[in-house]
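K.L.:
Dropping a prediction and its sequence here:
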Amino acid sequence: MKIQWTPITQQEAEEIAGWKYPEPYDFYNMTADEDDLELFINPEKRSPHTYSAHKGGSLIGFLTVDLKNHPTVDLGLGMHPDKAGKGLGESFVKSCLRFATEKYQAGAFTLSVATFNKRAIAVYERVGFKKKQTFMQATNGGHYEFLSMEK
């Protein structure tokens, strides 16, 4: 999948914040957690390392790179709901990894995923991520189990 990565614009952030995923993936709707929404939608709070993904002129996803433990970088990513579950995840994640490696000279990667999201976990494992540990995280008005993964 040939993806063009560009710094996210405010218009793109607002569009992504409006994406609606089907159940049970509606857990990932930006509007499901007020604090997460604010961090993504507010340009003063949004990470300067947040990028939009375009394919064929369409906005298909986003990537946020956290550099706190560089050269290991933590990834936050998402695909457009219309693209998810259609066999595009592996190539999307590989594109995220290539971009982060080139842009930030990343030496290793981490990410966290809700444990119910077996579909995403399988994609991450296919591209070389290994399961590390589970942990509880407060989000979306409750506490949910997440899995940390590393590549």
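P.N.:
Received, thanks. Numbering: from 1, shown residues only.
K.L.:
any idea how far stretch 40-59 is from the chain center?
P.N.:
Stretch 40-59 has its C-alpha centroid displaced from the chain centroid by 11 Å (CA atoms, centre = their mean, to the nearest Å).
K.L.:
tally of neighbours for residue 9?
P.N.:
Counted with other CB atoms under 10 Å, residues neighbouring residue 9 total 12. (Glycine included, C-beta is placed from N, CA and C.)
K.L.:
isn't it right next to residue 50, touching?
P.N.:
No - judged on CB atoms under 8 Å, residue 9 makes no contact with residue 50 at a distance of 10.2 Å.
K.L.:
just so I have it, where are all the strands in this structure?
P.N.:
Counting by DSSP state E, the chain has strands at residues 4-7, 50-55, 58-66, 72-79, 108-114, 130-139, 142-150.
K.L.:
Looking at those, which is nearest to residue 31?
P.N.:
Closest of the strands of the chain to residue 31 is strand 130-139, at 12.5 Å (criterion: CB to CB).
K.L.:
name the helices or strands packed onto that closest one?
P.N.:
strand 108-114, strand 142-150 (3 or more CB pairs under 8 Å, 6 or more residues apart in numbering; DSSP states H and E).
K.L.:
Can you tell me which of the ones you listed is packed in deepest?
P.N.:
Neighbour counts (mean count of other CB atoms under 10 Å) averaged over each of the helices and strands packed on strand 130-139 peak at strand 108-114, with a mean of 18.
K.L.:
Extract the CA atoms of that one and return them as PDB.
P.N.:
Presented in PDB, the C-alpha positions along strand 108-114 are these (Å, rounded to 0.1, in the frame of the first residue of the first chain):
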ATOM      1  CA  ALA A 108      12.200  -0.400  17.900                       C
ATOM      2  CA  PHE A 109       8.500   0.000  18.300                       C
ATOM      3  CA  THR A 110       5.900  -0.300  21.000                       C
ATOM      4  CA  LEU A 111       2.100   0.000  20.900                       C
ATOM      5  CA  SER A 112      -0.900  -0.800  23.000                       C
ATOM      6  CA  VAL A 113      -4.100  -2.300  21.900                       C
ATOM      7  CA  ALA A 114      -7.400  -3.300  23.700                       C
END
